[in-house]
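J.: Structure for the following, please:
(2 chains)
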Amino acid sequence: MQQRLPIAVCFIAGALMFLQYFSPHPVARAVFVTINDYWQIIFAFTLLVGIAAFVRTNLRQISRGKEAPYRLIGLAGLVLMPVLAVFGGIKIESPFQWAFENMLAPMQATVFSLLAFFVASASFRGFRARNAQAVILLAAALVVLIGRVPITEMISDTFPKITFWVQNYPSMAARRGILIGIGLGSMTTALRVILGIERTYLRGE
Amino acid sequence: MVLHAGPVQATAPGAGNSWFDPATLPTLVLSIIAIAVVLYTIRMVRSGKSFTIREIPGLKAVEEAVGRATEMGSPILYTPGWGGDIQRPTTIASMNILSSVAEKTAQYDCRLIYPTHDPVIMAVAQEVVKEGYAKAGHLDRYRADDVFYISSSQFGYAAAVDGFISRTKPASVFLLGTFEAESLILAETANSIGAIQIAGTDSTIQLAFFIVACDYTLIGEELFAASGYLSRNRMILSSVRAQDILKILIGLFIVIAVIWATFDPASTWWSF
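T.: Got it, this is the predicted structure:
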């Protein structure tokens, strides 16, 4: 019973969501909206569980003296933003908005900007001509880079045409091959779960 | 607080009182074919037929990654990325691999750290890891605090995982799930500390980053075949076989459509 009930629930929910996709009938729409509403409720409760676990873990690690400064900053951020929102509101020029625009947004932009440096370091490693395949990759990358620079377009319109061809034919063919694999993999994984073949979510029982 | 968006609705609501939307007919036909092929391969397995799966270097390296971490006395970091939720097949596939990794870390007594951006994924991952430790007979080694929620903010999550990688210096890093812009930030940070990296995702854009930055990358359907590969479960392997059959059918369709369109450029039956 412990196994059969969750599998039955999963099959019914999966089959309903699958069938409603093909129907514009109000009943089908209602099923979709209702299941989505329940999903929102489940997510809200698990968010509370997640935050509780976050607070508990950090307090425990702080009491052990492990990475205390980082964990204190994390907890302070968790407390600060809701407190500012509750007591100062979330309108323009409120303390919450000030904290968002002057603290949170710049910190997020800082992390995002790291990407530029990481792209450079990864490209340096990736484009080293170690073997024949790497040489082809390097050549393709150079062609695309050259074709994307405005000055080469001023010299000759052949460069952008070659870039267009590389991106839209060999590159796109490879990408579509991968996408077909991903699509089929996603579909069979979903079917495995709905049919009860894949049971990792049931602790693998 | 921004609540979860939930599943995406593909058909336009309010299209009438009909029980069937004719615009979805091609999807329905293809879905029925796919389901029929999956059921056919399951039946083949039940009648005694067995399937083999080719060697996948990224999955073969799981043992090596866990062994390396054990020898070095360093933890393993496993994260499913920021882009997905528990409904996404990629996350389910990632959970299947997590189950095997958890079982191995329990056997080797190696610490497994699992930070995530989604509390639902956290709850499921805690159960999956706990079961992996129980299967290995070492439930006492399971640490619930090592599977934890960080933040739903993309770069908050990326910064926190980066911090964990920099401070705890894991010997092996698993980046398996749905990744977006944080993929290269995490992969390059792990690379900078010399960690062995096994990555896989359903985004072709992020796959390019992983291929460059990581030691092993699961490409395309390899991520979804992992469950069958690692468990050798015959029923799961049957669905991997179904994937291959469907791929052949799609290939045949593309060839026929290309030939048809070449000789009859005005035809459109093949585009839907």
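
J.: residue ranges of the helices in the chain, please?
T.: Picked chain A for this. With DSSP state H, the ranges of helices along chain A come out as A:4-20, A:26-63, A:68-88, A:95-99, A:105-126, A:132-148, A:150-155, A:158-168, A:170-194.

J.: ah, I was thinking of chain B
T.: Assigned by DSSP H, the helices in chain B fall at B:25-46, B:57-72, B:89-108, B:119-135, B:154-168, B:182-192, B:204-213, B:222-231, B:234-263.

J.: any idea which of the helices of chain A is most buried?
T.: Mean neighbour count (mean count of other C-beta atoms under 10 Å in any protein chain shown) peaks for helix A:170-194 among the helices of chain A, with a mean of 19. From N, CA and C alone the C-beta is placed, and that goes for glycine too.

J.: pLDDT (mean, whole number) over that helix?
T.: The average pLDDT for helix A:170-194 rounds to 91.

J.: name the helices or strands packed onto it?
T.: Helices and strands touching helix A:170-194, by 3 or more C-beta pairs under 8 Å, 6 or more residues apart in numbering or on different chains; DSSP states H and E, are helix A:4-20, helix B:25-46, helix B:89-108, helix B:204-213, helix B:222-231, helix B:234-263.

J.: With distance to residue A:168 and mean pLDDT added, can I get the ones you listed in JSON lines?
T.: Output for those, formatted as JSON lines (distance: least, C-beta to C-beta, whole Å; pLDDT from 0 to 100):
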{"stretch": "helix A:4-20", "distance to residue A:168": "34", "mean pLDDT": "89"}
{"stretch": "helix B:25-46", "distance to residue A:168": "25", "mean pLDDT": "91"}
{"stretch": "helix B:89-108", "distance to residue A:168": "27", "mean pLDDT": "92"}
{"stretch": "helix B:204-213", "distance to residue A:168": "14", "mean pLDDT": "91"}
{"stretch": "helix B:222-231", "distance to residue A:168": "26", "mean pLDDT": "86"}
{"stretch": "helix B:234-263", "distance to residue A:168": "16", "mean pLDDT": "91"}
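
J.: looking at these, which is closest to residue A:150?
T.: Among the helices and strands packed on helix A:170-194, the nearest to residue A:150 by C-beta to C-beta is helix B:204-213 (23.7 Å).

J.: now the residue nearest the centre of chain A: how far from chain B?
T.: Nearest to the mean C-alpha position of chain A, by C-alpha atoms, centre = their mean, lies residue A:112 at 14.2 Å. Per C-beta to the nearest C-beta, to the nearest Å, residue A:112 is found 6 Å from chain B.

J.: Contact partners for that residue?
T.: Listed by C-beta atoms under 8 Å, 6 or more residues apart in numbering or on different chains, the contact partners of residue A:112 are B:155, B:181.

J.: 10 Å - rerun?
T.: Listed by C-beta atoms under 10 Å, 6 or more residues apart in numbering or on different chains, the contact partners of residue A:112 are B:154-155, B:158-159, B:181-182, B:185.

J.: Residue 83: what's it in contact with?
T.: Answering for chain A, as no chain was given. Shown in contact with residue A:83 (C-beta under 10 Å, 6+ apart): A:95-96.

J.: That was the other one, I meant chain B.
T.: Applying C-beta under 10 Å, 6+ apart, the residues contacting residue B:83 are B:90-91, B:117, B:154, B:177-183, B:201-203, B:206.

J.: Relative to chain A, which of the contacts of residue A:112 is nearest.
T.: Nearest to chain A among the contacts of residue A:112 is residue B:155, at 3.9 Å by C-beta to the nearest C-beta.

J.: so that closest one makes contact with residue B:186?
T.: No. Between residue B:155 and residue B:186 there is no contact, the gap being 11.4 Å when judged by C-beta atoms under 10 Å.

J.: where do the contact lists of these two overlap?
T.: B:82, B:162.

J.: Tell me which of the two has more neighbours.
T.: Per other C-beta atoms under 10 Å in any protein chain shown, whichever of residue B:155 and residue B:186 has more neighbours is residue B:186, with 28 against 24.

J.: Next one: that one from residue A:33, what distance?
T.: Distance, residue B:186 to residue A:33, using C-beta to C-beta, to the nearest Å: 36 Å.

J.: And residue A:94, by the same measure?
T.: From residue A:94 to residue A:33 the distance is 33 Å (C-beta to C-beta).

J.: Could you do residue B:226 as well?
T.: Going from residue B:226 to residue A:33 by C-beta to C-beta gives 34 Å.

J.: if I pick the residue of chain A positioned farthest from its centre, what's in contact with it?
T.: Centroid-distance maximum for chain A: residue A:155 at 40.5 Å, with C-alpha atoms, centre = their mean. Contact analysis of residue A:155 by C-beta under 10 Å, 6+ apart lists A:146, A:149.

J.: Low-confidence regions, chain A specifically.
T.: Residue ranges of chain A with pLDDT under 70: A:1, A:201-205.

J.: end to end, how far does stretch B:174-181 reach?
T.: With C-alpha to C-alpha, to the nearest Å as the measure, the ends of stretch B:174-181 fall 17 Å from one another.
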